[in-house]
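**Student:** Quick one: sequence plus predicted model below, questions after.
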Amino acid sequence: MNELGFFVQALIYLTSAIIIVPIANRLGLGSVLGYLIAGIVIGPFVFGFVGTEGKDMLHFAEFGVVMMLFAIGLELELDLLWRLKFWLLGLGGLQIILTTAITAGFAFGFGFHWKPSLALGLILSLSSTAIVLQTLKEKGLMKSVSGQAAFSVLLFQDMAVIPILAIFPMLSDSDVTTSAQGHSLIEHLPGYAKTLVVLSVVIGIILVGKYLLSPFFRLLAKSGNREIFTGASLLLVIAISVLMGAVGVSAALGTFLGGVVLASSEYRHELESNIEPFKGLLLGLFFLSVGASMDLPVVIHSPSKILGIVFGIIFIKALVLFFLGFIFRIPLDQNLYFSLALSQVGEFSFVLFGYSEGLGLFKEESIIILVACVAVSMAITPVLLLLYEKTFFGLLESKISKTQSNQNIHKQENPVIICGFGRFGNMLGRFLRSNGIPITILDFDADRVEMLGRFGFKVYFGDPTRLELLESAGLEHVKVLVAALDNSEKQTELIRNVSQHYPQIKIVARAGDREDAYNLKEMGVTYIYRETRETAVQMGKDVLKLLGTRAHTAEKAKNLFLKHDDDTFHELFALRADRVQYMSLAKQRNAELERLMFVDLGKEEELGRDPWSEMER
Amino acid sequence: MPKILILLVHPVLEKSKANQMLLDSLPFSENITLHDLYEEYPNFFINVKAEQDLLSNHQIIIFQHPLYWYSCPPLMKLWIDMVLEDGWAYGPGGEKLLGKKWIQVITTGGSKDAYSKGGFHGYSTEEFLLPFRRTAELCGMDYLNPFLVQGTFQLNEEDLQKESSRYSTFINQLLGGNYE
């Protein structure tokens, strides 16, 4: 099977995913479990479509985890971190300390030396960000109390990997340095120099992210080439991973940091939606490879041992989490869900086991068994959650008090999104803002975005015709979407996307001319505004005044004209397919209007009679 | 059952507790049409034809408005000027409003005492309303006594409650064809 080419491999991976994941979703198992099962099915121990290179694939697919952390970082604004600080430090910190202490204690009891015991405890205390976040997102629980608690704990764990990686070499007795890793460029340096290099790289990333990336992206954005921008987004993530890998820090952490640095950037949503598809696919691949690399023979030969360890770990972790959840006053049903959701061992353990193998912390047999246990624990989580939902959650749910929604962390939930911030959108935006309406702005002009950002607008760079971008800008909370793009094709695409997927959102659209307006009306847009119509008529009114018409009469003429134009618009819309009838009606209506407007007092029709002029007569 | 048209004319309704109270006290009835002029014609461009049609379809016309400078708000005056056309509402052939009831529901900041001979304003509210009475008469309408909510600056919750039930009784009587 090893001769299988790259494409054939891709064929197998993708086919299995496409077949099994939707089925798993249908059965309510969630896509994570679907990928894992697909992995097992194509793995060496069931069909054997893919061989033992599953492990290599795993290393490649870990990049999905890296990207996920980048995306998490992007979503982390400082004020969110600040609001979560209580749970982040309290819940997250205590969870690691307690779990590590207990599992290390057990390992010590089973005869491990204290150093590997501690290392094992640390590894096992981590949970799977990928599985848990994916599951929470799919179930729409991210904003629930359990979701926020889980997010805080996972975040703390992700950050804790840095010190854990730093501690591991100290726990190693042997002199086998990180050569097995072979990546680190600075391994020959003494300890303090390593720290110094790592520190300066981190500071470097922060500085570059803060001061160089925006102008760089702006330059790229100006080229108007979307592929290049996507490429640059990928390059950014890869560059950070490589740089961090080079100094021996986990790539996932590096990109996470990069994400956090860029979270306040106006390119944030564009980056997010660029990375999104890669992230999703690679994460899928990651779960697939976890499934494929599961050493089924080991599991099958000593099932009691494996299951014992797995359930032992799950039990300890869930218990610690439940205890902490209780202390932190998470409602019972949410607490149970939270504890179960985080009870598995995370994907970082694969990285950490590999790392510790190089350090000679564990024997190879132990690692094979432990890795199998980790994979099994990951695979079991979705099942456990499903069982919980089907049994207890329904019973307990009624007890959730409604007030909890107040605790939710509201990210960015502006009621209005303005797409396109040229002259038109700009005027509108200023008006709304001066009336105290918070707005989110999306625009594809890098210079404009930069400038508006300086004025304190919440403005993001990106192409609003992409639904992912709109969604990451908070589309689901929007009440009114303003479509004010210059290009009428783009405008059409935007409106079609939004009205199809979010029919409850009111769309207010700008039209260039009458034809544009007809197109919009045809698409079902109710609120159409023909650009320059009002200003042109306003100008006409002023011309009348300059020619000697009294101001109030001119104002009335303006209103009459606009009203007539509105009425005719709807009439003509119905006839627009039939050009002959259309022209005839249009001419007729124009004549009518002229008759109305240039009132010859002697001959005026009934409709055009002005009671005030009558009174003077 | 007579049909009631309520022409609500208040430029800053959102700031008037008394007028909102009056609206809230209206009974639910298919025979009541509420027509908010400041909402309908924010730029004072009145659709005369539509207004005349509305009038034709109702028997009791109520103008609900605050008293501004001893008179109605400007849009109501404009409405009277524009809608009550010669030949339609009065004059030769102008008999479209004949026999309809004209009632004003008026809120005043000052108290009943202030609007009296010895009071601050020196005349009663009814006296200030003479032009409206004459307008109704000219159109052949029955001018009924206005429904007044006075001293709105001093009204407390309890007073508002009382005025509210007084108003809904009033409207129900009108619906029952009882014009006092």
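**Tutor:** Noted; the coordinates are in hand.
**Student:** Which strands or helices does the host helix or strand of A:Val449 pack on?
**Tutor:** Assessed by DSSP states H and E, A:Val449 sits inside helix A:446-454. Contacts defined by 3 or more CB pairs under 8 Å, 6 or more residues apart in numbering or on different chains; DSSP states H and E place helix A:446-454 against helix A:213-222, strand A:439-443, strand A:459-461. For every residue, glycine as well, the C-beta is placed using N, CA and C.
**Student:** at 10 Å instead, please
**Tutor:** helix A:213-222, helix A:423-434, strand A:439-443, strand A:459-461 (3 or more CB pairs under 10 Å, 6 or more residues apart in numbering or on different chains; DSSP states H and E).
**Student:** contacting residues around the second one?
**Tutor:** Just to be clear, that refers to helix A:423-434. Under the criterion CB atoms under 10 Å, 6 or more residues apart in numbering or on different chains, residues A:415-416, A:418-421, A:437-443, A:448, A:452, A:455-459, A:480, A:482-486, A:508, A:510, A:529, A:531-532 lie in contact with helix A:423-434.
**Student:** repeat that for 7 Å
**Tutor:** A:Val416, A:Ile418, A:Phe421, A:Ile439, A:Ile441, A:Phe457, A:Val482, A:Ala484, A:Arg510, A:Glu531 (CB atoms under 7 Å, 6 or more residues apart in numbering or on different chains).
**Student:** and it, which residues are buried?
**Tutor:** Neighbour counts over helix A:423-434 (16 or more other CB atoms under 10 Å in any protein chain shown) mark A:Phe424, A:Gly425, A:Asn426, A:Leu428, A:Gly429, A:Leu432, A:Arg433 as buried.
**Student:** can you check the first one too?
**Tutor:** Of the residues in helix A:213-222, those with enough neighbours to count as buried (16+ other CB under 10 Å) are A:Leu213, A:Ser214, A:Phe217, A:Arg218, A:Leu220, A:Ala221.
**Student:** Tell me the gap between it and the middle of its chain.
**Tutor:** Remark: helix A:213-222 is offset 21 Å from the chain centroid, using CA atoms, centre = their mean, to the nearest Å.
**Student:** orientation of that helix relative to helix A:446-454 in degrees?
**Tutor:** 140 degrees (axes from the mean of the first three to the mean of the last three CA atoms, to 10 degrees).
**Student:** ok so, going back, any chance of the helices and strands packed on helix A:446-454 in JSON lines with mean pLDDT as columns?
**Tutor:** Compiled in JSON lines, the helices and strands packed on helix A:446-454 are given as follows (pLDDT from 0 to 100):
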{"stretch": "helix A:213-222", "mean pLDDT": "81"}
{"stretch": "helix A:423-434", "mean pLDDT": "89"}
{"stretch": "strand A:439-443", "mean pLDDT": "89"}
{"stretch": "strand A:459-461", "mean pLDDT": "83"}
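**Student:** Let's see if you can find the most crowded of the contacts of helix A:423-434.
**Tutor:** Taking other CB atoms under 10 Å in any protein chain shown as the neighbour criterion, A:Ile441 ranks highest of the contacts of helix A:423-434 with 28 neighbours.
**Student:** ok, now which ones touch it?
**Tutor:** A:Ile418, A:Phe421, A:Gly429, A:Leu452, A:Phe457, A:Lys458, A:Val459, A:Tyr460.
**Student:** For the residue in the stretch 501-617 of chain A that chain B sits nearest to, give me its contacts.
**Tutor:** Per CB to the nearest CB, A:Asn559 is where the stretch 501-617 of chain A lies closest to chain B, at 3.9 Å. A:Asn559 makes contact with B:Asn43, B:Phe45, according to CB under 7 Å, 6+ apart.
**Student:** Which elements pack onto the top helix by length along chain A?
**Tutor:** The longest helix of chain A (DSSP state H) is helix A:145-171. Judged by 3 or more CB pairs under 7 Å, 6 or more residues apart in numbering or on different chains; DSSP states H and E, helix A:145-171 is in contact with helix A:78-87, helix A:94-109, helix A:114-125, helix A:129-139, helix A:251-262, helix A:332-341, helix A:348-359.
**Student:** tell me the most buried of the ones you listed?
**Tutor:** Ranked by mean neighbour count, those are led by helix A:251-262 with a mean of 25 (mean count of other CB atoms under 10 Å in any protein chain shown).
**Student:** Averaged pLDDT, the helix or strand following that helix. What do you get?
**Tutor:** Counting by DSSP H and E, the element after helix A:251-262 in chain order, helix or strand, is helix A:268-292. What helix A:268-292 shows for mean pLDDT is 81.
**Student:** what ranges of chain B fall below the confidence cut-off?
**Tutor:** Along chain B, the model assigns pLDDT under 70 to residues B:180.
**Student:** Show the contacting residues for whatever residue of chain B ends up closest to chain A.
**Tutor:** The minimum distance from chain B to chain A, using CB to the nearest CB, falls at B:Phe45 (3.9 Å). Listed by CB under 7 Å, 6+ apart, the contact partners of B:Phe45 are A:Lys556, A:Asn559, A:Lys563.
**Student:** Could you rerun that using 6 Å?
**Tutor:** Shown in contact with B:Phe45 (CB atoms under 6 Å, 6 or more residues apart in numbering or on different chains): A:Asn559.
**Student:** Confirm it sits in a strand?
**Tutor:** No: judged by DSSP: H, G, I helix; E, B strand; the rest coil, B:Phe45 forms no part of a strand; its state is coil.
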